[in-house]
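S.K.: Provided below for reference: sequence and predicted model.
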Amino acid sequence: MSPGALKGRVSFPGDYQLTLEALAFGILSGAEVNLLDVSPAPEVEEFAGFLRGCGVSVERLGVTITISGQGWKDRVVVDSAVPDTVLPCVVGSSVFSSREVRITGGAGERAGRVSPVLDMLRQVGLRDENVAVSDTDLVIRDAEFSPKACIETDTVTDFETVAAAAMAKRRAVLISFPYQAAAHTVRLLSMLGCSVSSPEGGDDTDEELMRRLARAGKDEPHERREFSWNGDHASVIKIPGDTTLAASIGGAAVLVQGSHVTLEKVLWERSRRGFFEALRRMKCQVDATLLPPERFSFDSADITMKWSKCDGISVTPGQARTMEAELPILCAVASCATGTTVIRADQNVPGFGKDRCRAMARGLEILGGHVGSYADGIVFHGIQELRGGEVDAGDSEHVALGLALAGLAAWGTTTLDNVGEQSYLFELFRRLIGELSAGKQRALL
């Protein structure tokens, strides 16, 4: 049942994904780094505990985490305390800087996430004889970093895998990568001691021609850049507000009639604002005011969103990579849009894999949505009215957020089951919806 119009301004804790990435790359810097306004998600503290167990100095005081980069031990056990978000960085950096790396479940329940990482590491020196299976674990020993002249990467996961390996070894590497999906990671690496430059003898005119041809073909343009180590690192890095949580509140404002909400200091990097750009293309009322840049921080913005009648759109795989965790939220908006929305996305991304895609489709169908699927995506034939029902989030808080939005837009009562054991984002979403629907002018976290 709709809570009524959402009104007011809301600020958010630090971005969850960016906090984890700053920790994972930060330990490779070899120096002390202070992370300000970090995410309070339980997984962040769990990952910090993993790093402490690996000998890294990690101290937390409120919303500040201080880490002293020391690299990895001789033997590293990558277990469930390492979230999928930073698995590529941890594995990529430790495989070439430790004698042995054991990935628990790497040949079992985590095989779908680990396999693409190992495929990419084979491009920089990992050999089949370095990898062994022990029950459901993978054990990697004595790998030597020997990258090709230019490493071709197609996803941000591939890019972060290679960049982490090179950073751990303090070796220069030339990478072709999708800048649209990796812009925030490039900025983070620059803060942590990497220099990013055009390859020697490179032709900027040719680069621009490649970008234009890619856009003309509706493909994602790539950049070719050399990443090398210069040690010029930031001692302080500030984390803007959480993108996924902001997207969930913004999506609710679009769907609930009469709503008018301002989202304060939200991460606004090109590679992380895809959800809001998609809503703009759907003709939703989304106005972003870019905030003055701060040293050693990322782009951020205040975003004002209002209830809107929206149209269906087509989302390419490249566009989907800029909103992986927010795709279930976009699905909810698409189910209420006029016309058809087609979302084509990689099926192994952390926020929207096959299981979550299916759970989202089943839930929306129960609520009366018209959903279809095909090999590499999902299709929504928007309708004007959903109805309440009992839906299952499949133990995914990202799916839970998407189905909760659909429930807010539906007539009647929606019951949501299996939101996940750690539902940090979902619980904050519920709290904020309550505060904004109660007419509070400002909701603070």
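M.R.: Received it, and whenever you're ready, just let me know what you need. Numbering: from 1, shown residues only.
S.K.: okay, CA-based contacts and neighbour counts for the rest of this
M.R.: Noted.
S.K.: neighbours of L61, how many?
M.R.: The burial count assigned to L61 is 8, neighbours taken as other Cα atoms under 10 Å.
S.K.: any idea of the pLDDT on it?
M.R.: The model reports L61 with a pLDDT of 94.
S.K.: which residues of the stretch 301-445 of the chain score low on pLDDT?
M.R.: 346-353, 374-375, 384, 421-422, 439-445 (pLDDT under 70).
S.K.: for the stretch 301-445 of the chain, what spans make up the strands?
M.R.: Using DSSP state E, counting those that start in this stretch, the strands found in the stretch 301-445 of the chain span residues 314-315, 340-344, 370-374, 377-381, 390-392, 415-417, 442-443.
S.K.: tell me which residues in the third one are buried?
M.R.: The neighbour-count check on strand 370-374 (16 or more other Cα atoms under 10 Å) flags 370-371 as buried.
S.K.: got the contact list for that strand?
M.R.: 335, 361, 364-365, 378-383 (Cα atoms under 8 Å, 6 or more residues apart in numbering).
S.K.: I'd like the distance from it to the chain centre, please.
M.R.: 24 Å (Cα atoms, centre = their mean, to the nearest Å).
S.K.: got the angle for that strand vs strand 377-381?
M.R.: 160 degrees (axes from the mean of the first three to the mean of the last three Cα atoms, to 10 degrees).
S.K.: could you list the paired strands of strand 370-374 along with their orientation?
M.R.: Partner strands and pairing direction for strand 370-374 (DSSP bridges) are strand 377-381 (antiparallel).
S.K.: considering the contacts of strand 370-374, which possesses the most neighbours?
M.R.: S335 (30 neighbours).
S.K.: quick one on the thing from earlier: for G8, state which of the contacts of strand 370-374 is nearest.
M.R.: When the contacts of strand 370-374 are compared for distance to G8 (Cα to Cα), S335 wins out at 25.5 Å.
S.K.: would you agree the closest one is in contact with G382?
M.R.: Yes. Between S335 and G382 there is a contact under Cα atoms under 8 Å: 4.6 Å.
S.K.: who touches both of those two?
M.R.: By Cα under 8 Å, 6+ apart, the residues touching both S335 and G382 are 369-370.
S.K.: that older thread, so which of the strands of the stretch 301-445 of the chain gets nearest F275?
M.R.: strand 314-315 (10.3 Å).
S.K.: tell me what the closest one is packed against?
M.R.: strand 340-344 (3 or more Cα pairs under 8 Å, 6 or more residues apart in numbering; DSSP states H and E).
S.K.: distance of W268 from T341?
M.R.: The gap separating W268 from T341 is 24 Å, by Cα to Cα, to the nearest Å.
S.K.: cool, and A149?
M.R.: 40 Å.
S.K.: which of these two has more neighbours?
M.R.: Higher neighbour count among A149 and T341: T341, with 24 against 10, using other Cα under 10 Å.
S.K.: wait, what's in contact with that one?
M.R.: 312-315, 334, 379-382.
S.K.: other residues contacting stretch 305-312?
M.R.: Outside stretch 305-312, the residues touching it (Cα under 8 Å, 6+ apart) are 250, 253-263, 279, 282-287, 334, 336-342, 382.
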